[in-house]
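Chemist: Only the shape, not the letters, is given here:
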């Protein structure tokens, strides 16, 4: 049988491979129209004040609805989305809590993603460091990069993996207030 007599076959077309960086970047861009701020549960509007009982920590759908959120809201969104893409064992939420001498506090939460033997830090809310950082050779190197940007202070409380707390918060029926978030993530009651 000659080649002309053989039935035509369609070659198998393979989807182009999407890199981990492209996936992380897609979710990062989803946050591009999110304004930094917080929502008060008494009127479900942006608030210029902070009240531990009435300031909401927004779940992913709420964040997209209100288009406003702190690093807590934005990292919770990023964690949930990247966990769907990469699996629970490959995404870690991390954070730090700092109590200053005047009693004021600072904190931050962010996300590190593992893809094979590469690690990426996905940061949206910390404006000065906004972007996708990496690839790092290890989780430890990604953490060292984050820690290098945090004020050196003896009372910094580091949480190198707050993923279980994030999973628990994502399962909460109803709203999450700032006090509940701090208790779950940092183990601080007030």
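Modeler: Now that the structure is in, tell me what you want to look at. As the structure is a computational prediction, the values presented were derived from the model and not from experiment.
Chemist: need the longest strand for this protein.
Modeler: Longest strand in the chain, counting residues (DSSP state E): strand 105-115.
Chemist: what about the helices in this structure?
Modeler: In the chain, the helices defined using DSSP state H lie at 20-30, 60-66, 71-86, 139-147, 163-171, 178-186.
Chemist: Okay, buried residues for the third one please.
Modeler: Looking back up the chat, that one is helix 71-86. 71-83, 85-86 (16 or more other CB atoms under 10 Å). Glycine gets a C-beta too; all of them are placed from N, C-alpha and C.
Chemist: Wait, residue 181 touches residue 169, no?
Modeler: Yes - the pair residue 181 / residue 169 is scored as a contact, 6.7 Å apart, by CB atoms under 8 Å.
Chemist: what sits against the most centrally placed residue in the chain?
Modeler: By CA atoms, centre = their mean, the chain has its centre lying nearest to residue 75, at 2.5 Å. Contacts for residue 75 (CB atoms under 8 Å, 6 or more residues apart in numbering) come out as 93, 95, 109, 110, 111, 124, 125.
Chemist: Farthest-apart pair in those, please.
Modeler: Greatest spacing in those, by CB to CB: 95 and 124 (14.3 Å).
Chemist: thinking again about what came up before, quickly list what's touching both of residue 181 and residue 169.
Modeler: Both residue 181 and residue 169 are contacted by residue 57, under the criterion CB under 8 Å, 6+ apart.
Chemist: So for the two, which residue has more residues nearby?
Modeler: Taking neighbours as other CB atoms under 10 Å, residue 181 and residue 169 compare with residue 181 leading, 24 against 21.
Chemist: Near the nearest residue to residue 82 once chain neighbours are set aside, how many other residues are there?
Modeler: Nearest non-adjacent residue to residue 82, counting by CB to CB, 6 or more residues apart in numbering: residue 91, 4.8 Å away. Neighbours of residue 91 under the rule other CB under 10 Å: 22.
Chemist: shouldn't residue 91 be in contact with residue 110?
Modeler: No - with contact defined as CB under 8 Å, residue 91 does not reach residue 110; the gap is 11.5 Å.
Chemist: which regions of this protein sit below the pLDDT cut-off?
Modeler: Within the chain, the stretches with pLDDT under 70 are 1-17, 100-101, 153-154.
Chemist: dump the residue contacts of the residue nearest to residue 186 when sequence neighbours are not counted.
Modeler: Nearest residue to residue 186 in three dimensions, chain neighbours excluded: residue 97, at 4.7 Å (CB to CB, 6+ apart). Contacts for residue 97 (CB under 8 Å, 6+ apart) come out as 105, 106, 107, 156, 157, 159, 182, 186, 188.
Chemist: Which PyMOL command selects the buried ones in these?
Modeler: Selection of the buried residues among those in PyMOL, burial being defined by 16+ other CB under 10 Å:
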select buried, resi 107+159+182+186
